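Visitor: Quick one, fold the following:
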Amino acid sequence: QVQLVESGGGLVQAGGSLRLSCAASGRTFSTYAMGWFRQAPGKEREFVGVISRSGAWTTYADSVKGRFTVSRDNVKNTVYLQMTSLKPEDTAVYYCAVGRVYGVPFTTEYWGQGTQVTVSS
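Guide: Take a look at the predicted model:
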């Protein structure tokens, strides 16, 4: 089993930046693809981005393409979500997740508890 702990959420003004981190337990981190999702109030959870096991490949939702970047450090067992040019509609709880296979749709096995991101206008 993999345990995931997100951090880095908070309140930021529109146009600002924020970096989320997701630390994973276990020795098998590099065998998983890692993804980020978000859920805004009253909405379904949606896909944000995914990164392959090696970090060589990434895929993003159209709504964040060009603004968000997913990266990973397989030594630190951590995946990151760098968010720039933030908009109020980016306000949501952000979750990281692991999956066996890189791709979209991204099939997940484990989830973190989420971290709140609030973008003020």
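
Visitor: And the contacts of the helix or strand where Phe37 lies?
Guide: Using DSSP states H and E, Phe37 sits within strand 33-39. Residues from elsewhere that reach strand 33-39 (Cβ atoms under 8 Å, 6 or more residues apart in numbering): 20, 22, 24, 45-53, 68, 70, 72, 79, 81, 90, 92-103, 106, 108, 114, 117. For glycine as for every other residue, the C-beta is placed from the backbone atoms N, C-alpha and C.

Visitor: Would you mind writing the CA trace of whichever helix or strand comes after that strand as CSV?
Guide: Next helix or strand after strand 33-39 toward the C-terminus (DSSP H and E): strand 46-51. Provided in CSV are the C-alpha atoms of strand 46-51 (Å, rounded to 0.1, in the frame of the first residue of the first chain):
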residue,chain,number,x,y,z
GLU,A,46,-11.4,16.3,-12.4
PHE,A,47,-8.1,15.3,-13.9
VAL,A,48,-5.3,17.9,-13.8
GLY,A,49,-2.1,16.1,-15.0
VAL,A,50,-0.1,12.9,-14.9
ILE,A,51,3.6,12.0,-15.1
